[in-house]
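# Prediction below, plus the sequence it came from.
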Amino acid sequence: MGQGYGVGFRSLTTEVTDHRPPVEGDIPSWLSGTLIRNGPGLFDVGGERLGHWFDGLAMLRRYAFEDGTLSYSNRFLRTDAYADAMDGSVSGQFGTDRTGVGKIASWLRALGPPEITDNANVHVARLDGEYVALTEAPRRVAFDPATLETRGAFGFDDDLGEHVTAAHLVRDPETDAWFGFVTEFGRTPEYHVYRLDPDRRARERVASIAADGPGYIHDCSITTDHVVLVETPLVMPIRRALSPFSEGILDVFDWQPERGTRVLVVDRETGDLVADPALPPVFAFHHVNAYATSDEVVVDLVEFPDPGIVDAMRLDALDDAPSDVDVPDGRPVRYRVDLRSNDVDRSTIHPVGVELPRVARDVVGREYRYAYAQATDREGANGLVKLDVETGRTREWWEDGVFVEEPIPVRRPDATAEDDGVVVAPALDSRAEETRLLVFDADTLALLADASLPHAEPFGFHGRFFSDS
């Protein structure tokens, strides 16, 4: 990351509503809708620093576009975790938890393990008409998309067993159905792959797959006919998870490279596991996209050689080396899974370092050409990269001291070209100590508009653009 990134790991306590920031350049008048992003906002509780970037208290950020104008709001989710933090304590997070006697005492008071966290700080989705904040713990929180006020817990009307759940739900652009998965521990751990229709709260089980480990899986892909999981050998042993001496799920992880990596390809209609080829051990957080041909499934994702990126995001490591932290770079890779032979061919799309990849909504699960991502392999900044997956060529945008976050492509209404539209991304300007919202031309990456927000947002995770919010 390089010099100046530490501003993005400072706690932010200020909330603003419908702030109208100054804009340099022009926001296209056709860009109408709302980008809602999620991520941590508070890293310091009761005079103590939290353990990991992933532990920060959930803060929603709203960027609303209308007729070439922009308004901005941010607000913490008012959850049980937030209330505990205001009382000076945080527990049950990714890398922050009680340990030892204190944890045992809390278990005894609760007559068992305390309730899992509702710090839903990872992603957002619109489910059955509700706007919902998501995390990897199976507790979801509804919020008002206009005011960002917390509405309360969101629940599904089904009995799907879950102990860990994917915050990344993938939406089919033709049917609007969501696909996701959960992990259920037990004597024989399983991944339950599900489908959720847009106007329902009951998840339909597509398949249950034996989980090896189980592995920590953060994301998934779809094709028109499949759901794809990539099970890496970063496992979550259940005995370690139940130990009163583990400090969050981060302390539970065990890298077991001898297990290798499995690519699990599930038929969306029958639930059959139609391919499960093995690869050498790798780690991945995020998929780029996937699609199917007559005899193979193509899966693109951001690959790391090992899970070093997880430990690199511990706040003590980030705080101790604010100008020279060694954060591993992920690389975009392609897996071609042969459905006839159950073989997999792996290739690097481009050697550029990337994370937080996105594609245009219309091409999710379809053959596509362009992906947009945060470019990571330059000191002193993060850039924006447009990756042509057909040719392997890239186009990039950089500015010294500026750290671009997850880019969101939005196509122009009635566009025919895949990259006819804009890319919207927040970016931390470490020198000015402020966040800017940047709007790029999706074809050329020319900067069209640059809006200075009223404060420096902590680095966030994921968001969605809602065209009718």
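Right, received. Where do you want to start? Numbering: from 1, shown residues only.

# As a check, name the ranges of all helices in the stretch 251-400 of the chain.
Taking DSSP state H, counting those that start in this stretch to define them, one finds helices in the stretch 251-400 of the chain at 308-312, 315-320.

# Which pLDDT value does the model give D319?
For D319, the model assigns a pLDDT of 83.

# looking at it, it is touching G6, isn't it?
Yes - at 7.2 Å, D319 counts as touching G6 under the criterion of C-beta atoms under 8 Å. (Glycine included, C-beta is placed from N, CA and C.)

# Just the mean pLDDT for stretch 419-435, thanks.
If you average the pLDDT values across stretch 419-435, you get 97.

# Which strand or helix spans T34?
Under the criterion DSSP states H and E, the helix or strand holding T34 is strand 33-42.

# first to last residue in stretch 205-220, what's the distance?
Separation of the first and last residues of stretch 205-220 by C-alpha to C-alpha, to the nearest Å is 16 Å.

# which stretches of the chain have low pLDDT?
1-3, 91-115, 239-250, 320-325, 469 (pLDDT under 70).

# Apply 80 and report the result again.
Applying pLDDT under 80 to the chain flags the ranges 1-4, 89-115, 238-251, 320-326, 468-469.

# sorry, back to before: could you save the helices of the stretch 251-400 of the chain as CSV and add columns showing mean neighbour count and distance to T147?
Listed next are the helices of the stretch 251-400 of the chain as CSV, based on neighbours: other C-beta atoms under 10 Å; distance: least, C-beta to C-beta, whole Å:
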stretch, mean neighbour count, distance to T147
helix 308-312, 17, 34
helix 315-320, 15, 30
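
# circling back: give the next helix or strand downstream of the strand holding T34.
Taking DSSP H and E, what comes next after strand 33-42 is strand 44-45.

# For that next one, which strands pair with it and how are they oriented?
In the sheet, strand 44-45 lines up against strand 48-49 (antiparallel) (DSSP bridges).

# Now do the partner strand: distance to the chain's middle.
24 Å (C-alpha atoms, centre = their mean, to the nearest Å).

# after it, next one along is what?
As assigned by DSSP H and E, the chain's next helix or strand after strand 48-49 is strand 57-66.

# mind exporting that following strand as PDB, just the C-alpha atoms?
Only the C-alpha atoms of strand 57-66 are listed here, as PDB (Å, rounded to 0.1, in the frame of the first residue of the first chain):
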ATOM      1  CA  LEU A  57     -18.200  -1.100  13.400                       C
ATOM      2  CA  ALA A  58     -20.500  -1.100  10.300                       C
ATOM      3  CA  MET A  59     -21.000   2.300   8.700                       C
ATOM      4  CA  LEU A  60     -23.200   2.700   5.600                       C
ATOM      5  CA  ARG A  61     -22.300   5.300   3.000                       C
ATOM      6  CA  ARG A  62     -24.800   6.700   0.500                       C
ATOM      7  CA  TYR A  63     -23.900   8.500  -2.700                       C
ATOM      8  CA  ALA A  64     -27.100   9.600  -4.500                       C
ATOM      9  CA  PHE A  65     -27.000  10.900  -8.200                       C
ATOM     10  CA  GLU A  66     -29.800  12.900  -9.900                       C
END
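
# rewinding a little: which strands or helices does the strand holding T34 pack on?
Using 3 or more C-beta pairs under 8 Å, 6 or more residues apart in numbering; DSSP states H and E, the elements in contact with strand 33-42 are strand 57-66, strand 69-76, strand 123-127, strand 130-134, strand 462-466.

# okay, the ones you listed in CSV with mean neighbour count and distance to T435 next?
Formatted as CSV, the helices and strands packed on strand 33-42 follow (neighbours: other C-beta under 10 Å; distance: least, C-beta to C-beta, whole Å):
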stretch, mean neighbour count, distance to T435
strand 57-66, 24, 9
strand 69-76, 19, 9
strand 123-127, 22, 18
strand 130-134, 22, 20
strand 462-466, 21, 13
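
# could you redo these as JSON lines and give each row distance to G215?
Formatted as JSON lines, these follow (distance: least, C-beta to C-beta, whole Å):
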{"stretch": "strand 57-66", "distance to G215": "25"}
{"stretch": "strand 69-76", "distance to G215": "32"}
{"stretch": "strand 123-127", "distance to G215": "20"}
{"stretch": "strand 130-134", "distance to G215": "20"}
{"stretch": "strand 462-466", "distance to G215": "21"}
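
# so what's the closest residue to P280 other than its chain neighbours up against?
Spatially, and ignoring its direct neighbours in sequence, P280 is nearest to G260 (6.1 Å; C-beta to C-beta, 6 or more residues apart in numbering). Contact analysis of G260 by C-beta atoms under 8 Å, 6 or more residues apart in numbering lists 233, 278-281.

# Show me just the buried residues among those.
233, 279, 281 (16 or more other C-beta atoms under 10 Å).

# follow-up on the earlier one: so which of the helices of the stretch 251-400 of the chain gets nearest V385?
helix 308-312 (17.7 Å; C-beta to C-beta).

# Can you show me the CA trace of that closest one as PDB?
What follows is helix 308-312 as a C-alpha-only set of coordinates in PDB (Å, rounded to 0.1, in the frame of the first residue of the first chain):
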ATOM      1  CA  GLY A 308      -0.900 -14.000   4.100                       C
ATOM      2  CA  ILE A 309      -3.200 -11.200   3.100                       C
ATOM      3  CA  VAL A 310      -5.500 -12.100   6.000                       C
ATOM      4  CA  ASP A 311      -2.800 -11.600   8.700                       C
ATOM      5  CA  ALA A 312      -1.500  -8.500   6.800                       C
END
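
# contact partners of that helix?
Contact partners of helix 308-312, identified using C-beta under 8 Å, 6+ apart, comprise 234, 250, 253, 283, 285, 317-318, 325-328, 330.

# if we take those, which one ends up nearest to T175?
T175 has its nearest neighbour among these in F285, at 26.3 Å by C-beta to C-beta.

# That closest one and V354 touch, don't they?
No - counting by C-beta under 8 Å, V354 is not a contact partner of F285; they are 11.2 Å apart.

# Identify the contacts common to these two.
302, 330.

# more crowded one of these two?
Neighbour comparison, F285 and V354: the larger count goes to V354, with 26 against 21 (by other C-beta atoms under 10 Å).

# OK, contacts around the closest residue to E149 other than its chain neighbours?
Distance criterion C-beta to C-beta, 6+ apart; nearest residue to E149, sequence neighbours excluded, is F143 at 6.5 Å. Listed by C-beta under 8 Å, 6+ apart, the contact set of F143 reads 60, 77, 131-133, 149-151.

# Quick check on F143: phi, psi?
Per-residue torsions, F143: phi -150, psi 160 (degrees, to the nearest 10).

# ok, it to F403 distance?
Plainly put, F143 is 26 Å away from F403 if you go by C-beta to C-beta, to the nearest Å.

# do the same with D319
17 Å.

# how about the helices in the stretch 51-200 of the chain?
Secondary structure of the stretch 51-200 of the chain, counting by DSSP H, counting those that start in this stretch: helices at 80-86, 100-109.

# Count the residues that sit near T348.
12.

# Quick check: beta-bridge partners of it?
V333.

# Now do the contacts for L356.
L356 sits next to 286, 373-374, 405-407, 462 when contact means C-beta under 8 Å, 6+ apart.

# If anything else comes up later, I'll come back, but that's it for now.
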